[in-house]
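K.L.:
Here's a sequence, model it:
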Amino acid sequence: MRCMIARDGVLVLGALSLLSQCAGGVSNGFRELRLSSRQAAGVDKPAPGHWTAIGDSYSAGPGAGVAYDDAEFGNSKCFRSNGSAVAQLDAQHNVMLGNFQFLSCTGHKAKEMVKYQIPLIDYGEQDSNMWLSLSIGGNDLGFADYAQSCLLGLGSCTKALKNAENLIHDLDGKQTFRRLLWHAWSRIYDDNHFKNVPAGQSKFVPNTLHTLYPAFFNAETDGCDNINIGGPWLFFTKRLTKTLRRQTNRLVRDANNAIRAHARAFVNSEEGMHYRGYLHIVDYDNTFEGHRLCEKFTGNKPGFDNPNVWFLGIRSDGFVQESDLSVQENPVTCNPDADDAVEAWRCVKALVDAAGDDPDAVGEWNWPLWLTKAFHPKTAGFQEVMNLHLSHWVANLPQLRVLALGDSITNGFRSTDNAGYRSRFYELATTSYGQQVDMIGSVRSGDVGDADHEGHNGATIDQISSYADQNLGQRPNVVLLHAGTNDMGSDADAQGAVDRLVALVDKIISKCPDATVLVARITPADDAARQNRTNVYNNGIEAAMSSRADAGAKVQIMYMDLMVTKKTLADGLHPNDIGYFAMAEHWWGGVLQAYNDGWLKDPVDGDGPGPVREIAPSLPISMATEEPTT
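P.N.:
Numbering: from 1, shown residues only. The predicted structure follows:
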């Protein structure tokens, strides 16, 4: 059975900037979005009802248009602007996207985002599809200090570069940076921020867009080699040589690569398994090509004032000599935003000197607003980021032809709708993306829009393998396989069950080489002996599937033994409604992950007929210790 589906549910989350000039500061593989701008006008997708932006300056958008509000967190002004990508989204597409919550704050690091912003997110209904646009890490890497030191000449460039590179490349530094990122991602899902989950519902997983950062410079032009950012009157700022420009761009892109790697590790960890398929890397660096500082058309100047350059500049009005800066200002009382350029730059120098070795000692509330805005996108640049968000939100998955294959847990035994995970899975598929979904199988049961499946009560792996033969000729492009629970009912060697499961998966891969095969670590059991065998079995199939994935097979292991707990079992073996709900979310995450990895394609024409359908019997998995015969 097929049905047309549309996508809904959006929560946007932009996070910590790459280059906030203030104190404070950001699968198995990802399909990265490297798209040119695309107009989203006229898109008629259903509104989610609300969406939220959090993070720092690359979400807040300091200097891009007029001020959005005068909000602050922890005595730090947030400098949100109407020209930020998220504010432009709200202004231009609020009918489509719904109510907007803007929490982003310039200068926040991951810890400030977790402390001040995440607790204020309006998550809406717990079963809704939420979209997050997350950009995090720049301030944690010390990029503000790098810009101050290496581009403005207000500190040791060597030290600032080393500090950032250590967090990206050094073993201990990488672990530190990873912990910051993992903690921020985890807190979005953490129980502390899902306190009001209604009884009988599982926590949903926000669908997260994690945006990376744009490089500032065209590093290959000649015009900027002998000039500095402030022009001839700011003698202390650095000359923008090709070496400095290449170094700066390389640092930005190394940071992006580090975030990619940590995100990939996160979704493959027990801590981050809930984000499997729900964490998307979005790279908009390529959209800034031809619009960076030092483009050829800017001549012998960076091009801050050129409308075709998408980065804001720094204040350079007024003639500042070296002798002017010899006068020491009081960093507590001076005004870095003074009308007089000499006075303003004296104050900037005093603030930097007072900070010493601690760049965070320069409080954001003292840092000049004009310097806070520098090196951030202008409104035109944020327009491209806005378009890229829309391009992702309205993107269509390929058509899905899904074979749910297994035993009575696939059938949905003990669920109130007699469909188990299949009803929530189908709901996610048919309300999230604009593609066709066809569930296939010889069995039809449960209260679900497309009730076809291949879940047979009491079936062992060998029996499930025989049932699979009826459907593989239809060439499903997604297979949801939960098999082995009945095999664990006997005292037979668990390794033998592993071998049988591997043979079944290999058959599916051979007959449907284009299919994504999602293989479950099976759900737990109350019986201790049975659970011990299940643990051996699950570890064995995970190792086998990992080796096949490493060899290029489109196979993912799904952690159903963690999604379903003994507390969410209905009878000691079958999940209850909460357990089935969690399984569905994880299955759908696997489908999204396959899309992210570039595995999913429209299904090919099958070379075999569909099976003769039957009404599912009501017998459950065998709960005896003997090998079941049904």
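K.L.:
The spatially closest residue to residue 82 that is not a sequence neighbour is in what secondary structure piece?
P.N.:
Counting by CB to CB, 6 or more residues apart in numbering, residue 65 is the residue found nearest to residue 82 once chain neighbours are left out, at 4.1 Å. Quick note: C-beta positions are derived from backbone N, CA and C, even for glycine. Using DSSP states H and E, residue 65 sits within no helix or strand.
K.L.:
Could you tell me the per-residue confidence at residue 65?
P.N.:
Per-residue confidence (pLDDT) for residue 65: 84.
K.L.:
Quickly list the domain ranges of the protein.
P.N.:
50-314+374-392, 397-597 (the TED database).
K.L.:
Among the ones you listed, which comes closest to residue 341?
P.N.:
Residue 341 sits nearest to domain 50-314+374-392 of all those, at 8.3 Å, using CB to CB.
K.L.:
Can you give the distance of the closest one from its chain's centre?
P.N.:
In terms of CA atoms, centre = their mean, to the nearest Å, the centre of domain 50-314+374-392 is found 13 Å from the chain centre.
K.L.:
Stretch 483-491: which residues count as buried?
P.N.:
483-490 (16 or more other CB atoms under 10 Å).
K.L.:
now do stretch 340-358
P.N.:
Buried positions in stretch 340-358, judged by neighbour count with 16+ other CB under 10 Å: 341-352, 354-355.
K.L.:
and the gap between the residue nearest the centre of the chain and residue 527?
P.N.:
In the chain, the residue lying closest to the centroid (CA atoms, centre = their mean) is residue 279, at 2.7 Å. Remark: distance between residue 279 and residue 527 (CB to CB, to the nearest Å) = 36 Å.
K.L.:
Tell me which two of the buried residues of stretch 483-491 sit farthest apart.
P.N.:
The distance between the two most remote of those (CB to CB) is 14.9 Å, for 483 and 490.
K.L.:
ok, back up a step: could you list which residues are in contact with the residue nearest to residue 82?
P.N.:
Listed by CB atoms under 8 Å, 6 or more residues apart in numbering, the contact partners of residue 65 are 81-84, 87, 379.
K.L.:
Identify the farthest-apart pair in those residues.
P.N.:
The most widely separated members of the contacts of residue 65, counting by CB to CB, are 87 and 379 (9.6 Å).
K.L.:
Give me the more crowded residue out of the two.
P.N.:
More crowded of residue 87 and residue 379, by other CB atoms under 10 Å: residue 87, with 26 against 20.
K.L.:
close enough to count as contact, the more buried one and residue 69?
P.N.:
No - judged on CB atoms under 8 Å, residue 87 makes no contact with residue 69 at a distance of 9.9 Å.
K.L.:
what's the overlap in contacts for the two?
P.N.:
Common neighbours of residue 87 and residue 69, using CB under 8 Å, 6+ apart, are 80, 102.
K.L.:
hang on, the earlier thing: with distance to residue 331 added, can I get the domains of the chain in JSON lines?
P.N.:
Formatted as JSON lines, the domains of the chain follow (distance: least, CB to CB, whole Å):
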{"stretch": "domain 50-314+374-392", "distance to residue 331": "13"}
{"stretch": "domain 397-597", "distance to residue 331": "48"}
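K.L.:
which stretch in those is the model least sure about?
P.N.:
When the domains of the chain are compared by mean pLDDT, domain 50-314+374-392 comes last with a mean of 85.
K.L.:
Regarding this protein, what is its longest helix?
P.N.:
Determined from DSSP state H, the single longest helix within the chain is helix 242-267.
K.L.:
can I get the CA coordinates of whichever helix or strand comes after that helix in PDB?
P.N.:
Moving toward the C-terminus from helix 242-267, the next helix or strand (DSSP H and E) is strand 279-282. These are the backbone C-alpha positions of strand 279-282, laid out as PDB (Å, rounded to 0.1, in the frame of the first residue of the first chain):
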ATOM      1  CA  LEU A 279      22.300  14.700  13.500                       C
ATOM      2  CA  HIS A 280      23.000  16.300  10.100                       C
ATOM      3  CA  ILE A 281      26.200  18.100   9.200                       C
ATOM      4  CA  VAL A 282      25.500  21.300   7.200                       C
END
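K.L.:
going on from strand 279-282, what's the next piece of helix or strand?
P.N.:
Next along from strand 279-282, by DSSP H and E: helix 341-355.
K.L.:
to the chain's geometric centre, what's the distance from the next helix or strand after that following helix?
P.N.:
Following helix 341-355 in sequence order, the next helix or strand is helix 369-373 (DSSP H and E). Chain-centre distance of helix 369-373: 29 Å, with CA atoms, centre = their mean.
K.L.:
Buried by neighbour count: which residues of the helix or strand just after helix 369-373 qualify?
P.N.:
Helices and strands here follow DSSP H and E; after helix 369-373, the next one along the chain is helix 379-393. Residues of helix 379-393 classed as buried: 379, 381-393 (neighbour count, 16+ other CB under 10 Å).
K.L.:
Report the distance from helix 379-393 to the chain centre.
P.N.:
Per CA atoms, centre = their mean, the displacement of helix 379-393 from the mean C-alpha position of its chain is 16 Å.
K.L.:
Same check on stretch 534-544?
P.N.:
Relative to its parent chain, stretch 534-544 has a centroid offset of 28 Å by CA atoms, centre = their mean.
K.L.:
Now do the strands for the stretch 51-200 of the chain: every range, in order, please.
P.N.:
Ranges of strands within the stretch 51-200 of the chain are 72-73, 76-77, 99-102, 131-134, based on DSSP state E, counting those that start in this stretch.
K.L.:
now do the stretch 501-630 of the chain
P.N.:
For the stretch 501-630 of the chain, the strands defined by DSSP E, counting those that start in this stretch occupy 516-520, 555-558, 614-615.
K.L.:
Pick the most deeply packed of the ones you listed.
P.N.:
Mean neighbour count (mean count of other CB atoms under 10 Å) peaks for strand 516-520 among the strands of the stretch 501-630 of the chain, with a mean of 27.
K.L.:
Just name whatever secondary elements it is in contact with.
P.N.:
strand 478-482, helix 494-511, strand 555-558, helix 577-596 (3 or more CB pairs under 8 Å, 6 or more residues apart in numbering; DSSP states H and E).
K.L.:
try it again with 6 Å
P.N.:
Using 3 or more CB pairs under 6 Å, 6 or more residues apart in numbering; DSSP states H and E, the elements in contact with strand 516-520 are strand 478-482, strand 555-558.
K.L.:
Now for residue 483: which residues touch it?
P.N.:
Residues in contact with residue 483 (CB atoms under 6 Å, 6 or more residues apart in numbering) are 406, 461, 464.
K.L.:
out of everything not next to it in sequence, what's closest to residue 538?
P.N.:
The shortest distance from residue 538 to any non-neighbouring residue, by CB to CB, 6+ apart, is to residue 521 (4.1 Å).
K.L.:
Could you check how far residue 166 is from residue 264?
P.N.:
Residue 166 is 21 Å from residue 264, where distance means CB to CB.
K.L.:
Same question for residue 417.
P.N.:
Residue 417 is 36 Å from residue 264, where distance means CB to CB.
K.L.:
Next: residue 415.
P.N.:
Residue 415 sits 34 Å away from residue 264, going by CB to CB.
K.L.:
more crowded one of the two?
P.N.:
Between residue 415 and residue 264, residue 415 has the larger neighbour count (other CB under 10 Å), namely 24 against 17.
K.L.:
tell me the SS of that one?
P.N.:
With DSSP: H, G, I helix; E, B strand; the rest coil as the basis, residue 415 sits in coil.
K.L.:
Verify the stated contact: it with residue 580.
P.N.:
Yes - the pair residue 415 / residue 580 is scored as a contact, 5.2 Å apart, by CB atoms under 6 Å.
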